[in-house]
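J.: Predicted model, plus sequence, below.
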Amino acid sequence: MASSSAAKVGVIGSGLMGTALARALAAAGHDVVVWNRTPSKAQAVGSGTVARENLVEAVSGRELVIVSVSNYAASFELLSAKGVAQALAGKTLVQLTSGSPADARAALEWATAHGVDYLDAAILAYPSFVATDYATVFYAGLRTVFDRHLPTLQAIAKNSIYVDEKIGAAATLDCAILESYYGGSLAFLHAAAMCQAEGLDPKTFFAHKNSFLGLISVTADAAQGMIERNDFSGDQCSLNTHVAAIEHIVRLSQDARMSARFPKELLDNYKRAVSAGWGGQELPAVFRTLKQD
């Protein structure tokens, strides 16, 4: 039974993530209605949620509506259906669909035009992490709207973080973190492949993961200050030295007859900074070449 502090929440989309969100909200005692294009999927959510086949009925009377669908195009299609905007007027829409800052700005424009409060959100978690200490959700939009719904949103993730009023801020931070994750993952996978190609068991490399993780952490801390000051000078290790090291990695990859595409791309980016005259500066000087194509 819902408590006196229970919120009336609608969840649009009952894929893996939408299902996890709806179940977490219901488990926290909220009154949750779910909708999916395929009614049987909404019915399968269960766990104290109520499925609706009609989208307008699913969002009507809900103070908070969370969207978790495949992309913003799918979201706009649903929100543009007859009667939906009217049912959402005066309510709060939280977009938990993955997208770009431009998508977020377009969604805010739609919400504002229809009198809907809007929060753009990005969840940094797998569905199984929802409602656990491993889940983080970033939010952007009006702080007053975020604060009003925070007790409800914490059913999804206690670590619910307000980023900025700029509506694209959550998507930007999410993309930045994910780029670091995907880029770093590709780097260590290529490194493991290099070891294997040279007859070294990759487990030997992985046993020393703290070596490269530590270097990344130290460099990130140094880069933050350098970027703030716009000063990349230092006496630790010049870009020229780093470029020479990357050239060894490219040669190893080529000699081992494995893919050298990734280290060549690294080398190209670092060399671009050297060509711009920053070879004597520290590694984070590459940042200057990345602000424009």
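T.: Arrived safely, thanks for sending. Numbers count the residues shown, from 1 in each chain.
J.: Could I get the CA-only coordinates of the helix or strand containing residue 10 as PDB?
T.: According to DSSP states H and E, residue 10 maps onto strand 8-12. Provided in PDB are the C-alpha atoms of strand 8-12 (Å, rounded to 0.1, in the frame of the first residue of the first chain):
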ATOM      1  CA  LYS A   8       2.000   9.300  -8.500                       C
ATOM      2  CA  VAL A   9       4.500   8.400 -11.100                       C
ATOM      3  CA  GLY A  10       4.100   7.300 -14.700                       C
ATOM      4  CA  VAL A  11       6.800   5.400 -16.500                       C
ATOM      5  CA  ILE A  12       6.800   5.500 -20.300                       C
END
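J.: Give me the contacts around that strand.
T.: Residues from elsewhere that reach strand 8-12 (CB atoms under 8 Å, 6 or more residues apart in numbering): 18, 21-22, 25, 30-36, 49, 55, 58-59, 61-69, 75, 78, 152. In short, each C-beta sits where N, CA and C put it, glycine included.
J.: How far away from the center of its chain is that strand?
T.: Strand 8-12 sits 22 Å away from the centroid of its parent chain (CA atoms, centre = their mean, to the nearest Å).
J.: Neighbouring strands of that strand in the sheet, and parallel or not?
T.: Strand partners for strand 8-12, identified by DSSP bridges, are recorded as strand 31-35 (parallel), strand 64-67 (parallel).
J.: Can you tell me the closest non-neighbouring residue to the most centrally placed residue in the chain?
T.: Nearest to the centroid of the C-alpha atoms of the chain, with distances taken as CA atoms, centre = their mean, sits residue 174, at 2.9 Å. Take residue 174 and drop its neighbours on the chain: the residue closest to it by CB to CB, 6 or more residues apart in numbering is residue 122, 3.4 Å away.
J.: give me phi/psi at the closest residue to residue 14 other than its chain neighbours?
T.: The shortest distance from residue 14 to any non-neighbouring residue, by CB to CB, 6+ apart, is to residue 36 (4.2 Å). Dihedral pair for residue 36: phi -150, psi 150, per degrees, to the nearest 10.
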